[in-house]
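J.: let's see this in three dimensions:
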Amino acid sequence: MAPVSRHLLVVDDEPHIGLLLRPHLEHLGYRVSLARTLGQARAALAQPRAPVDALLLDLHLPDGSGLDLLRELRGAAATRALPVIVLTAEGEERVLDEAQELGSALLTKPFSPTKLTARIAEMLGDSPPLPQAPERGEAT
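T.: Numbers count the residues shown, from 1 in each chain. Here you go, the predicted structure:
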């Protein structure tokens, strides 16, 4: 099944993460939104016209910890079951353990886009997506 209707929110303050992930994930059929702060992430999650199907979340953000956002999500009925993959270079066991206890999957930076794609498909219960065929006139 192609994940055409799946909307992913990537929350990471490193611009290159979004610049690399967005085209890769969109090529696979996902809709991708980017947030670089907790404030932007909260605003994106609050948009009723663009509900988020899964969250890719960095732990270290300029306005706080992604772990705080994860705690908020798990404390609210509407987002308690939202699939989350924590993307981190964090090595502190206590932090990683809490992220997993809060029901998130972990993916350590650096990671390959292929591994991330497989984790997203697994988390959402999709078949691993195949690249979308380029549209007429689109470069391959």
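
J.: could you find the closest non-adjacent residue to the residue nearest to the spatial centre of the chain?
T.: Nearest residue to the geometric centre of the chain (Cα atoms, centre = their mean): Leu56, 1.9 Å. Leaving aside its sequence neighbours, Leu56 sits nearest to Val10 (Cβ to Cβ, 6 or more residues apart in numbering; 4.6 Å). Every residue, glycine included, has its C-beta placed from N, CA and C.

J.: so that neighbour bridges to which residues?
T.: Leu34, Leu56 (DSSP bridges).

J.: distance check, it against Asp68.
T.: Relative to Asp68, Val10 is positioned 18 Å away (Cβ to Cβ, to the nearest Å).

J.: kindly report the same for Gly75.
T.: Relative to Asp68, and taking Cβ to Cβ, Gly75 is found at 11 Å.

J.: just the strands from the protein, written as ranges.
T.: Taking DSSP state E to define them, one finds strands in the chain at 7-11, 31-35, 54-58, 60-61, 64-65, 84-88, 105-108.

J.: who's in contact with the first one?
T.: In this case it means strand 7-11. Strand 7-11 is touched from outside by 17-18, 21-22, 25, 30-36, 38, 40-41, 44-45, 50-58, 61, 66, 69, 120, with contacts defined as Cβ atoms under 8 Å, 6 or more residues apart in numbering.

J.: confidence score at Leu70?
T.: According to the prediction, Leu70 has pLDDT 96.
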